[in-house]
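S.K.: just coords:
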């Protein structure tokens, strides 16, 4: 269940990261791990199908940053459509967690049946 | 979007790490069924990630091997990453497979007399020959128009077209004295082939990634030498004849046969340089299909049985193997070795059957007894040796050695990915 929960939040997590500033793939993976204190750790190769999928849907755009010295990186930017989807996703997750906690809170207060 | 960079300009990784990363990325790239530009863009993005991850781990105190293994382990299985990317980006294969086998199917139907049923005897023959050329040109034009290059699925059309052109030259006759106009067409075409062979051989020699193709030049020399065995054997058979006249009379035939043997290699090699050796060999498989004997082994089989139904069925099997198996195998297989054998094995079997049929079918050549047997065995054996040499060369280049090295890196990348977002079971 825990894995399913994390898997389902992938889309909104990527969009949320890119809402702050443009990032490249490795940077997104590092930031997610750092901010979640290691909770969101995943096979980094799977990030790219997710990013490319979001780009195909029009939620992201990308461009190469070619530099003379150092590695060249492909930065992803959030589009207007991506911001709308992020806002809707954030509301949905907030509602989900609120409703879930309300039920779990009731369950936790009930005495265990014996 | 800006184009991907031509060079990574990355952190100063040692060449060994870069080569290992390249091999890992090649495993991923081999599963991507899309145009080279888009594929290269994706590979460069993944390369940038892996190089930065490796450099960061080395800066953290890990050794070169450990940091590379850890970076690849964190990245995931190349097979899974490639599969997921291809599922997202890959182009549908059914149309490419259909276009790849279309010319061969047309040739096969023609060889079975489908078009002879058309009203007017000449009409059927015209449709069969002209129609095949038309379809080949159509497939090649579709490839150039849609992908602005020679795609792999158009190679069988190239092979059939070029071999049909070659077969279109008048068959040189041993009985007629050799005149200039008899020798000129195959000589001119051979000159063109030699130019292509020279350019492709030079490119192979210069390319560091294709050093194993350097034996291609002596291989071509070997093929020419073997093809020369045919007239040489004839000269030996005619012991009392004027050797010079026999040689001149045999020269057109010699050039014709040499082209038939050399053409697949010299055309396949430059295509292989562009799209991989297995893609180039698709031309080899397609070309041998058009050689009439492969479609019609009935002569030898009829010696053993008078069941025409069985003859028809048996004669269809090698044709189907040559026309259908190679393109489908190349386009659908994910593993280079499977693609290689899917291309080479049908022509090998075809040549073996051709050799067997020739040794049993007593054709009237004017040469009798031991000389005839030696001649037919020699020609058939030479063809088999030539193709085995090519197969061995290609296997050395793309065979198990490369697969084993890639496998050892993939073993370090443990873990499986079951969805578009796989979460590591371990928490930091």
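M.R.: Structure's in. What do you need? This structure is a prediction, so every number in the text was calculated from the model and none was measured.

S.K.: starting at the chain centroid, how far to the helix or strand containing residue A:103?
M.R.: Following DSSP states H and E, one finds residue A:103 within helix A:80-109. Remark: helix A:80-109 is offset 14 Å from the chain centroid, using C-alpha atoms, centre = their mean, to the nearest Å.

S.K.: show me what residue A:75 is bridged to.
M.R.: Bridge pairing for residue A:75 (DSSP bridges) gives the partners residue A:24, residue A:63.

S.K.: ok, it - how many residues close by?
M.R.: 17 (other C-beta atoms under 10 Å in any protein chain shown). C-beta: built from backbone N, CA, C; applies to glycine.

S.K.: please apply the same query to residue B:140.
M.R.: 19.

S.K.: quick check: it vs residue B:127, distance?
M.R.: Distance of residue B:140 to residue B:127, given as C-beta to C-beta, to the nearest Å: 20 Å.

S.K.: and residue B:36, what does it touch?
M.R.: Residue B:36 makes contact with residue B:149, according to C-beta atoms under 8 Å, 6 or more residues apart in numbering or on different chains.

S.K.: for it, give me phi and psi.
M.R.: Residue B:36 adopts backbone torsions of phi -60, psi -40, taken as degrees, to the nearest 10.

S.K.: any residue of the helix holding residue A:103 up close to chain B?
M.R.: No: judged by C-beta under 8 Å from any C-beta of the partner chain, helix A:80-109 makes no contact with chain B; its nearest approach is 14.1 Å.

S.K.: what's the average pLDDT for that helix?
M.R.: For helix A:80-109, the mean per-residue pLDDT is 85.

S.K.: can you list the buried residues in that helix?
M.R.: By neighbour count on 16 or more other C-beta atoms under 10 Å in any protein chain shown, the buried set for helix A:80-109 is A:82, A:85, A:86, A:89.

S.K.: tell me the one of these nearest residue B:44?
M.R.: Closest approach between the buried residues of helix A:80-109 and residue B:44, by C-beta to C-beta: residue A:82, at 23.6 Å.

S.K.: correct me if wrong: that closest one contacts residue A:54.
M.R.: Yes: counting by C-beta atoms under 8 Å, residue A:54 is a contact partner of residue A:82 at 7.2 Å.

S.K.: which residues do these two both contact?
M.R.: Shared contacts of residue A:82 and residue A:54 (C-beta under 8 Å, 6+ apart): A:15, A:60.

S.K.: how many neighbours does the nearest residue in space to residue A:90 that is not next to it in sequence have?
M.R.: For residue A:90, ignoring the flanking residues on the chain, the nearest one in space by C-beta to C-beta, 6 or more residues apart in numbering or on different chains is residue A:12 at 6.5 Å. Residues contacting residue A:12 under the criterion other C-beta under 10 Å number 17.

S.K.: pLDDT wise, what is residue A:12 at?
M.R.: 89.

S.K.: repeat for the one 5 residues further on
M.R.: Per-residue confidence (pLDDT) for residue A:17: 91.

S.K.: re earlier: check for me that the residue nearest to residue A:90 belongs to a helix.
M.R.: Yes: counting by DSSP: H, G, I helix; E, B strand; the rest coil, residue A:12 is part of a helix.

S.K.: could you verify my assumption that it touches residue A:89?
M.R.: Yes: checked against C-beta under 8 Å, the pair residue A:12 and residue A:89 is within contact range at 3.8 Å.

S.K.: who touches both of these two?
M.R.: Common neighbours of residue A:12 and residue A:89 (C-beta under 8 Å, 6+ apart) do not exist.

S.K.: so what's the residue nearest the centre of chain A up against?
M.R.: Of all residues in chain A, the one closest to the mean position by C-alpha atoms, centre = their mean is residue A:13, 1.3 Å from it. Each residue near residue A:13 by C-beta under 8 Å, 6+ apart is listed here: A:32, A:40.

S.K.: from residue B:154, how far out is it?
M.R.: Distance, residue A:13 to residue B:154, by C-beta to C-beta: 44 Å.

S.K.: what do you get for residue B:21?
M.R.: The value you get for residue B:21 to residue B:154, if C-beta to C-beta is used, is 32 Å.

S.K.: among these two, which residue is more densely surrounded?
M.R.: residue B:154 (26 against 22).

S.K.: chain neighbours aside, what residue packs nearest to the more buried one?
M.R.: residue B:143 (3.7 Å).

S.K.: any idea which element that neighbour lies in?
M.R.: helix B:121-147.

S.K.: so which bits of that helix are buried?
M.R.: B:124, B:127-129, B:131-133, B:135-136, B:139-140, B:142-143, B:147.

S.K.: turn those into TSV, including distance to residue B:48 and pLDDT.
M.R.: Shown next, in TSV, are the buried residues of helix B:121-147 (distance: C-beta to C-beta, whole Å; pLDDT from 0 to 100):
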residue	distance to residue B:48	pLDDT
B:124	59	68
B:127	55	73
B:128	54	72
B:129	53	72
B:131	50	83
B:132	47	81
B:133	47	84
B:135	44	89
B:136	42	86
B:139	37	88
B:140	36	87
B:142	35	88
B:143	31	85
B:147	26	74
